[in-house]
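J.: Mind looking at a prediction? Sequence and model below.
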There are 2 protein chains.
Amino acid sequence: MESNSSKQEKVLSENGKAEITASESSKDGSICGFESLHRLLEASLSPLIFQEVSRLLIGLNCGRPLGTISLSDSSKALSSKHDFDLQAYSFCADKESLRAPRIVRAGLIQNSIALPTTESFFDQKKAIFQKVAPIIEAAGASGVNILCLQEAWMMPFAFCTREKRWCEFAEPVDGESTQFLQEFAKKYNMVIVNPILERDIKHGETLWNTAVIIGNHGNIIGKHRKNHIPRVGDFNESTYYMEGNTGHPVFETAFGRIGINICYGRHHPLNWLAFGLNGAEIVFNPSATVGELSEPMWPIEARNAAIANSYFVGSINRVGTEVFPNPFTSGNGKPPHADFGHFYGSSHFSAPDASCTPSLSRHKDGLMISDMDLNLCRQLKDKWGFRMTARYDMYADLLARYVKPDFEPQVISDPLLHKNTA
Amino acid sequence: MESNSSKQEKVLSENGKAEITASESSKDGSICGFESLHRLLEASLSPLIFQEVSRLLIGLNCGRPLGTISLSDSSKALSSKHDFDLQAYSFCADKESLRAPRIVRAGLIQNSIALPTTESFFDQKKAIFQKVAPIIEAAGASGVNILCLQEAWMMPFAFCTREKRWCEFAEPVDGESTQFLQEFAKKYNMVIVNPILERDIKHGETLWNTAVIIGNHGNIIGKHRKNHIPRVGDFNESTYYMEGNTGHPVFETAFGRIGINICYGRHHPLNWLAFGLNGAEIVFNPSATVGELSEPMWPIEARNAAIANSYFVGSINRVGTEVFPNPFTSGNGKPPHADFGHFYGSSHFSAPDASCTPSLSRHKDGLMISDMDLNLCRQLKDKWGFRMTARYDMYADLLARYVKPDFEPQVISDPLLHKNTA
């Protein structure tokens, strides 16, 4: 699934369709070097067809294709110098008579690790900080109000190895990653969401998968711990930490009410729902997930959450392939191997009106910026009425019955069922 | 949004990309005559790019593109004679050691109305029966085990008019539509889901939006009434019927356990969840929805439900534009008009492994057939563990609190919030 080439050069074959160059085609005949579905389609389709495909695939916002934002030269220079993907879009909302627009500029950072996993942990972490710093600077220089980094951004995603030595990367909520980001928060008047592997000193050195919310004055507003822990493929993360105990807090920041649904929690509609019930306007989903496992699901779950809960979603996935020192098996009968697969990036925003931005690169570090008028959340609630028509009482009752060991499902059997096999 | 042309002829423009012919391009420059996104992309992209786009857009099943089924000549002849789209696919599952495969052939029918809405109600209904009969015959001749028709298939979707006279179309559960379909159920040993406008005689002639489940011996197994009623755009259906009182029954049929999530219920993740908790293996979503309102959401919500709940989903939408005798307004300040917009068809199946079939035509009647090994449902539960990791107790508690009038959301405010505006 992995390729080092990110070239998008196309040649036209005899039948006139855009073709993939040899550098993008892997040995098994699949193509893997393309940057994003959006760019692949844009390069391959006529403008008229691309417009219609986009209407279906990424929707319209206020009846139009999504707007773009022109960023400062300094942001573009950073993107060019440090070779990270930089994209910026704008979600609008209808003009209201009694409320002014509430436009927030949000940012998502995706990155690969910086040094081989065989280097010292100290050097690895320092190198990631150095690598991510210019991307954060670009966010700050672009006027981003709320920035979210990827899940456990300060370390390789070593949980596939089941080796406990990677626990050393864990930090307290006010540890070095938070301190590092607090400086940027103050410098740029920017809320920053800092997803880390947390070490809870006050509770016997327990580990958690945690997002620390840093306010725009550099203060720590609070933390949220990942609610749902995967046991799928190599993502046996329960080796390292347990289900979070912080509920579904929504953080009221200077720029809007935000929630954090960490990684695997995106597969749970109830988790998304709970942040919505608590009033979130933007929910970030810092993740780490690989192509073969989840790539077709990636945009579906995020966009569904935005639609169903009438809020914006910011989805972040790390990029690249991380190779670990000791080969490990994956419980699939295949030989031991040393990597997790390809983290496919593709960070993007989804809106409550079913529109979404294109995705960042599947291969490169990146910064996705989007303006969003938070008024759109309530406008969609008023339009579709999902909250009003949700009949929560029915589901509160069902779940209360379901969690009991003697739950009996509501099943109506065909009384003639056994005639069929007679 | 509507076009009578369904031609897909392409010409190649100078830059070598497939272009839309004039007949597919409407006055506003948008294209609308294309049959489906899948076919549009297939006709426009090189095979290699199309393969990769398909991997992302419709996923892989058992690591491969979805298989197709070869149908009987009599089915194909019916499709050709009566000009309806006929497509057939096959979802596989892994071979198990202790369970035989449980392969079910399911079918979805989408159709436009048959006569102008100015004709007598008696003639309109009779004409729809006559129009749909050969499509049902094709399903029977193709060996379909479980067939589902579209929402309120036996009438025009007149609820936009807010005129009460259309209530005449309502029938009791054992009324003429059910009787009509019972004959096919017996003839073809086929379970048939019959979504009607129901008149509940025993409860004072109350109307409901109901699906009647007919067993493969022609018996009535039971009914389900639409749980969530829209008040969006012209879909002010609460003018005609109220929220259903039948819970979330799962019907144990000769061919599998099925649930029915009627139309607007697809926007409610809790509704999908409830059918899953009650043990559904296939959930049908008979719908009636128009392009401008929902087309970009259509595949997202269905596929998300299939993924999140580890079951198959069969989505059905009617086709065509229905013009009503008396113009009506839509609460959007625009002049009165006589139609609802274009019902875009696009019926399809989604699987729990995130794969899905292409969609039926956006313009023509159609029959979508799919084989599905129901073993895939449990295999996905075992692989991803969504039920195991769902923490339902936490959500039972949240919903129990939420439904109380004095509910307080879990909000953590930045204590420095007011410094920002100072």
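T.: All right, it came through fine. Residues are numbered from 1 along each chain as shown, chains lettered A, B, ... in the order given.
J.: and residue A:405, how many neighbours?
T.: 4 (other C-beta atoms under 10 Å in any protein chain shown). Glycine gets a C-beta too; all of them are placed from N, C-alpha and C.
J.: Which helix or strand contains it?
T.: Take DSSP states H and E as the rule and residue A:405 turns out to sit in neither a helix nor a strand.
J.: ok, it to residue A:81 distance?
T.: 60 Å (C-beta to C-beta, to the nearest Å).
J.: Helices of chain A, start to end?
T.: Using DSSP state H, the helices found in chain A span residues A:37-44, A:47-57, A:73-81, A:121-141, A:176-188, A:269-277, A:291-294, A:298-309, A:375-384, A:392-402.
J.: closest to residue B:352 out of the ones you listed?
T.: helix A:298-309 (12.6 Å; C-beta to C-beta).
J.: if we can go back for a sec, for the helices of chain A, give me CSV that also has mean pLDDT and distance to chain B.
T.: Shown next, in CSV, are the helices of chain A (pLDDT from 0 to 100; distance: least, C-beta to the nearest C-beta, whole Å):
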stretch, mean pLDDT, distance to chain B
helix A:37-44, 94, 5
helix A:47-57, 93, 5
helix A:73-81, 97, 23
helix A:121-141, 98, 16
helix A:176-188, 98, 11
helix A:269-277, 98, 4
helix A:291-294, 88, 8
helix A:298-309, 97, 4
helix A:375-384, 97, 5
helix A:392-402, 98, 4
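J.: and those as CSV, adding mean neighbour count?
T.: Shown next, in CSV, are these (neighbours: other C-beta atoms under 10 Å in any protein chain shown):
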stretch, mean neighbour count
helix A:37-44, 20
helix A:47-57, 19
helix A:73-81, 15
helix A:121-141, 19
helix A:176-188, 19
helix A:269-277, 26
helix A:291-294, 19
helix A:298-309, 26
helix A:375-384, 20
helix A:392-402, 19
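J.: between those, which gets nearest to residue A:165?
T.: Closest among those, once you apply C-beta to C-beta, is helix A:121-141, at 8.6 Å.
J.: which other helices and strands contact that closest one?
T.: Judged by 3 or more C-beta pairs under 8 Å, 6 or more residues apart in numbering or on different chains; DSSP states H and E, helix A:121-141 is in contact with helix A:73-81, strand A:103-110, helix A:176-188, strand A:366-373.
J.: Quickly note the distance from residue A:276 to residue B:271.
T.: Using C-beta to C-beta, one obtains 15 Å as the distance from residue A:276 to residue B:271.
J.: same thing with residue A:286?
T.: 29 Å.
J.: Kindly report the same for residue A:417.
T.: From residue A:417 to residue B:271 the distance is 26 Å (C-beta to C-beta).
J.: ok, now residue A:394?
T.: 9 Å.
J.: list residues touching both of these two?
T.: Taking C-beta atoms under 8 Å, 6 or more residues apart in numbering or on different chains as the contact rule, residue A:394 and residue B:271 both touch residue B:227.
J.: Which of the helices and strands in chain A ranks last by mean pLDDT?
T.: strand A:10-12 (a mean of 33; mean pLDDT, DSSP states H and E).
J.: rewinding a little: reformat the helices of chain A as CSV; add distance to residue A:114.
T.: Below are these laid out as CSV (distance: least, C-beta to C-beta, whole Å):
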stretch, distance to residue A:114
helix A:37-44, 25
helix A:47-57, 34
helix A:73-81, 16
helix A:121-141, 4
helix A:176-188, 14
helix A:269-277, 31
helix A:291-294, 22
helix A:298-309, 24
helix A:375-384, 37
helix A:392-402, 44
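J.: For residue B:353, which of those helices is the nearest?
T.: Of the helices of chain A, the one closest to residue B:353 (C-beta to C-beta) turns out to be helix A:291-294, at 10.8 Å.
J.: got the contact list for the closest one?
T.: Contact with helix A:291-294 is made by A:1, A:232, A:233, A:235, A:341, A:342, A:344, B:354, as judged by C-beta under 8 Å, 6+ apart.
J.: Pull the contacting residues for the closest residue to residue A:94 other than its chain neighbours.
T.: Once flanking residues are discounted, residue A:94 sits nearest to residue A:379: 5.8 Å by C-beta to C-beta, 6 or more residues apart in numbering or on different chains. Contact partners of residue A:379, counting by C-beta under 8 Å, 6+ apart, are A:93, A:94, A:96.
J.: So what's the residue count around the residue lying closest to residue A:242 once chain neighbours are set aside?
T.: The shortest distance from residue A:242 to any non-neighbouring residue, by C-beta to C-beta, 6+ apart, is to residue A:229 (6.7 Å). Counted with other C-beta under 10 Å, the neighbours of residue A:229 add up to 23.
J.: residue contacts, residue A:229?
T.: Residue A:229 touches A:209, A:237, A:238, A:241, A:242, A:243, A:264, B:389, counting by C-beta under 8 Å, 6+ apart.
J.: out of these, which are buried?
T.: A:209, A:237, A:241, A:264, B:389 (16 or more other C-beta atoms under 10 Å in any protein chain shown).
J.: Among these, which ones are in strands?
T.: residue A:209 (DSSP state E).
J.: Can you tell me which of the buried ones among the contacts of residue A:229 is nearest residue B:383?
T.: Among those, and counting by C-beta to C-beta, the member closest to residue B:383 is residue B:389, at 12.1 Å.
J.: what sits against that closest one?
T.: Each residue near residue B:389 by C-beta under 8 Å, 6+ apart is listed here: A:228, A:229, A:230, A:231, A:243, A:264, A:268.
J.: and if you look at residue A:392?
T.: B:270, B:399, B:402, B:403.
J.: redo that, cut-off 7 Å
T.: Neighbouring residues of residue A:392 by C-beta atoms under 7 Å, 6 or more residues apart in numbering or on different chains: B:399, B:402, B:403.
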